[in-house]
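Engineer: Structural data only, the sequence is not supplied:
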């Protein structure tokens, strides 16, 4: 397969798929590919999150490729699936080589939010009002503010925050580094319990007294929780402690925002989208709290790793996206469930464990700064390269495997790409999406498949090719296939709605006086190439006299924008002051040009008639038709 550089837009191909179990990065975290649904938003190769338009699964039996890159699980896919390389090349799995570098796009988080609002309990509002006002006439105050007399009386009896009042005392929370740190601690070692009428928020840690003090301080600062409402519970038969806050408001805030809706266990944890799109101070604080709460720094003779583990796929993906956004590459290990012996009890694992670890000196420098740790030894990575928009990693091995089962793929809006384990993958076609770039449309003959033309007309032509080739095989017919690119010249359609753009522009300019205005669909920047009719006939003659069956492009490779085409015709017509009004209308693809490498190779010839010379013959003929008052034949092309 030839390697094509600069591929900008890509599309779904049913022949290219991944095996189940591989996970895809989404805007809410991640999902195994078999669980992706239409309407999900997935991370693309540009770092954006785009909508999934279609999902597919099919049965597959045959060879698969097992691609290994350092620091990640092996990627298993069918041979046809394309990957985007660091060079911008789009390469199918079967054509990848060792040391080709795959890319990990850096997510473009938006930094939209600087604070959040949280609803304080109504009774808490009344309590704070009473404590602040310290009324002397309780009966009068009760009637004025519709607060029960006995509540006012009981609230004023003690200097301590009343234990029956929900302790959350703020309604606007700044998304700063302290709040991020508190959320990080919660994601690492926090949970909620409903407990009938006393729902509560809890944190659990080992015997680290400074954590108790720090979390209490953060609860007080961020949520306004009075210190007398933060309870310390020594853990029975274990070293460590729990912090507990009885609060329905906090229970609802954490249970509604930090879980996937399927439960409030560790496996259900995630980071909500609105917090993922917060400022960097908040995100750095979150990473700090998360790693202090449940991280690990360990050193071997060869290297040091900073790692963290979770059973939540969504949480692992969220943390990895934040780290990538902060400029920190993250590797991944997925461990299958295991059983452990804990204090004489066998604890059976039920979920995969997702372990993220950080490597590379640059990553170490940034990360140790976040944690305010200066004594982490230098971490080295000879694999990861860092650029502004992505990281890249080399392929270290590619193996063949055999698979019999379901495989999965999807179509993604816009970029038509997604990421597996954070690695950018694409689906490639010769189609309208190869022709988005006005300057470099891809139209070589072999790029027509997998098919996705810009219209049913395009499908009609490709289906016709397949039909003729089938007849050639079955009935030994001598079939020749040419793909014509915008044939123009006298005697063609010029005013019946079927004319090519050169004829339409010639007619429009012939119909108006110099200084008047003509209308052009779109911005006029779309590009095309046009072949004069005499050159087309010469190409057909040469193809029919050759041993080559095609398909082959017969067209000019002299590309021009519609705006430039208008300027050329204006000059030929002697009407330089004609104005252009751009209006909405059908545009077709943004760029199309004839790739003439194959025709030169097979027929030893390429068209060489210039566009200007062709237009000098076309315009006088169309001008004659307009001035004579003739109408174009409705069936002419």
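Structural biologist: That came in fine, so what should we check first? Owing to the predicted nature of the structure, the values given are computational and were not obtained by experimental measurement.
Engineer: my guess is residue 407 contacts residue 58, does it?
Structural biologist: Yes: between residue 407 and residue 58 there is a contact at 6.2 Å, judged by Cβ atoms under 8 Å. C-betas here are computed from N, CA, C, even on glycine.
Engineer: if you count what's nearby, which of these two comes out ahead?
Structural biologist: Between residue 407 and residue 58, counted using other Cβ atoms under 10 Å, the more crowded position is residue 407 (26 against 12).
Engineer: name the element residue 323 belongs to?
Structural biologist: helix 313-325 (DSSP states H and E).
Engineer: which is the next helix or strand following that helix?
Structural biologist: Beyond helix 313-325 in the direction of the C-terminus, DSSP H and E gives the next helix or strand as strand 330-335.
Engineer: quick one: strands adjacent to that following strand?
Structural biologist: Counting by DSSP bridges, the strands paired with strand 330-335 are strand 353-358 (antiparallel).
Engineer: For the longest helix seen in the chain, buried residues please.
Structural biologist: Identified as the longest helix of the chain according to DSSP state H is helix 456-475. Going by neighbour count (16 or more other Cβ atoms under 10 Å), the buried part of helix 456-475 is 458, 461-462, 465, 468-469.
Engineer: again with stretch 411-429
Structural biologist: Buried, per 16+ other Cβ under 10 Å, within stretch 411-429: 411-412, 415-429.
Engineer: Would you mind giving the domain segments of this structure?
Structural biologist: Annotated domains of the chain cover 23-106+392-428, 122-165, 276-384, 472-627 [automatic domain parsing].
Engineer: Output the ones you listed as CSV; include the columns mean pLDDT.
Structural biologist: Below are the domains of the chain laid out as CSV (pLDDT from 0 to 100):
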stretch, mean pLDDT
domain 23-106+392-428, 90
domain 122-165, 88
domain 276-384, 76
domain 472-627, 88
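Engineer: related to what we said a few turns ago, does anything pack onto the longest helix of the chain? Which helices or strands?
Structural biologist: strand 451-452 (3 or more Cβ pairs under 8 Å, 6 or more residues apart in numbering; DSSP states H and E).
Engineer: What's the mean pLDDT across the strand it packs on?
Structural biologist: Averaged across strand 451-452, the pLDDT comes to 48.
Engineer: One more: stretch 251-269?
Structural biologist: 94.
Engineer: Can you pull out the residues in contact with that stretch?
Structural biologist: 28, 118, 183, 186-187, 190-194, 199-201, 270-272, 275, 310-312, 314-315, 351 (Cβ atoms under 8 Å, 6 or more residues apart in numbering).
Engineer: Give me the buried positions along it.
Structural biologist: Across stretch 251-269, burial judged by 16+ other Cβ under 10 Å covers 251, 253-255, 258-260, 264, 266-269.
Engineer: Can you tell me the element the closest residue to residue 173 other than its chain neighbours falls in?
Structural biologist: Leaving aside its chain neighbours, residue 173 sits nearest to residue 116 (5.2 Å; criterion: Cβ to Cβ, 6 or more residues apart in numbering). Using DSSP H and E, residue 116 maps to strand 115-117.
Engineer: and if you look at residue 249?
Structural biologist: Here residue 249 is assigned to helix 248-257, by DSSP H and E.
Engineer: Next SSE downstream of that helix?
Structural biologist: Helix 248-257 is succeeded, C-terminally, by helix 273-276 (DSSP H and E).
Engineer: tell me which strands and helices that following helix is in contact with?
Structural biologist: By 3+ Cβ pairs under 8 Å, 6+ apart, helix 273-276 packs against helix 313-325.
Engineer: Compute the inter-axis angle for the helix it packs on and strand 353-358.
Structural biologist: 10 degrees (axes from the mean of the first three to the mean of the last three Cα atoms, to 10 degrees).
Engineer: returning to what we had before: in CSV, list the buried residues of helix 456-475 along with distance to residue 111 and pLDDT.
Structural biologist: Output for the buried residues of helix 456-475, formatted as CSV (distance: Cβ to Cβ, whole Å; pLDDT from 0 to 100):
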residue, distance to residue 111, pLDDT
458, 42, 67
461, 47, 77
462, 45, 79
465, 50, 84
468, 56, 86
469, 54, 83
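Engineer: Of the domains of the chain, give the one that comes closest to residue 233.
Structural biologist: Closest to residue 233 of the domains of the chain is domain 122-165 (Cβ to Cβ; 15.6 Å).
Engineer: Show me how far that closest one is from its chain's centre.
Structural biologist: 53 Å (Cα atoms, centre = their mean, to the nearest Å).
Engineer: End to end on it, go ahead and measure it.
Structural biologist: 10 Å (Cα to Cα, to the nearest Å).
Engineer: Sticking with residue 188, tell me its helix or strand.
Structural biologist: helix 177-189.
Engineer: Show the subsequent helix or strand relative to that helix.
Structural biologist: strand 190-193.
Engineer: follow-up on the earlier one: separate out the buried members of the contacts of stretch 251-269.
Structural biologist: 28, 183, 186-187, 190-192, 199-201, 270-272, 275, 310-312, 314-315.
Engineer: What is the neighbour count of residue 519?
Structural biologist: So residue 519, with other Cβ under 10 Å, has 10 neighbours.
Engineer: contacting residues for it?
Structural biologist: Going by Cβ under 8 Å, 6+ apart, the list of residues near residue 519 reads 508, 580-583.
Engineer: Which of the residues you listed ranks first by neighbour count?
Structural biologist: The most neighbours of any of the contacts of residue 519, using other Cβ under 10 Å, belong to residue 508, which has 21 neighbours.
Engineer: the longest strand in the protein is where?
Structural biologist: As assigned by DSSP state E, the longest strand anywhere in the chain is strand 49-68.
Engineer: buried ones in that strand?
Structural biologist: Quick answer for strand 49-68 (16+ other Cβ under 10 Å): 49-50, 52, 55, 60, 64-67.
Engineer: Name the nearest of these relative to residue 282.
Structural biologist: Relative to residue 282, the closest of those is residue 49; by Cβ to Cβ it sits at 19.1 Å.
Engineer: who's in contact with residue 113?
Structural biologist: 175, 274-275, 277-279 are the contacts of residue 113 under Cβ under 8 Å, 6+ apart.
Engineer: hang on, residue 183 packs against residue 288?
Structural biologist: No: shown here, residue 183 and residue 288 do not form a contact pair, counting by Cβ under 8 Å, at 10.5 Å.
Engineer: Now do the SS call for residue 402.
Structural biologist: Classification of residue 402 using DSSP: H, G, I helix; E, B strand; the rest coil returns strand.
Engineer: residues contacting the residue lying closest to it once chain neighbours are set aside?
Structural biologist: The shortest distance from residue 402 to any non-neighbouring residue, by Cβ to Cβ, 6+ apart, is to residue 63 (6.4 Å). By Cβ under 8 Å, 6+ apart, the contact set of residue 63 is 79, 400-402.
Engineer: let's go with 10 Å and repeat that
Structural biologist: 78-79, 94, 400-403 (Cβ atoms under 10 Å, 6 or more residues apart in numbering).
Engineer: Would you map the helices across the stretch 451-600 of the chain?
Structural biologist: 456-475, 501-511, 533-544, 562-573, 597-603 (DSSP state H, counting those that start in this stretch).
Engineer: Show me what secondary structure element comes after the strand holding residue 116.
Structural biologist: Per DSSP H and E, the first helix or strand lying C-terminal to strand 115-117 is helix 122-133.
Engineer: how about that next one: buried residues?
Structural biologist: 123-124, 126-128, 130.
Engineer: Contacts for whatever helix or strand comes next after that helix, please.
Structural biologist: Using DSSP H and E, the next helix or strand after helix 122-133 towards the C-terminus is helix 138-145. Defining contact as Cβ under 10 Å, 6+ apart, one finds that helix 138-145 is touched by 126, 129-130, 133-135, 137, 147-153, 156.
Engineer: Tell me what angle helix 138-145 forms with helix 122-133.
Structural biologist: Using the same axes, to 10 degrees: helix 138-145 against helix 122-133 is 130 degrees.
Engineer: what helices or strands is the next helix or strand after helix 138-145 leaning on?
Structural biologist: Downstream of helix 138-145, the first helix or strand assigned by DSSP H and E is helix 149-156. Using 3 or more Cβ pairs under 10 Å, 6 or more residues apart in numbering; DSSP states H and E as the contact test, the elements touching helix 149-156 are helix 122-133, helix 138-145.
Engineer: That's all I had, so thanks and see you.
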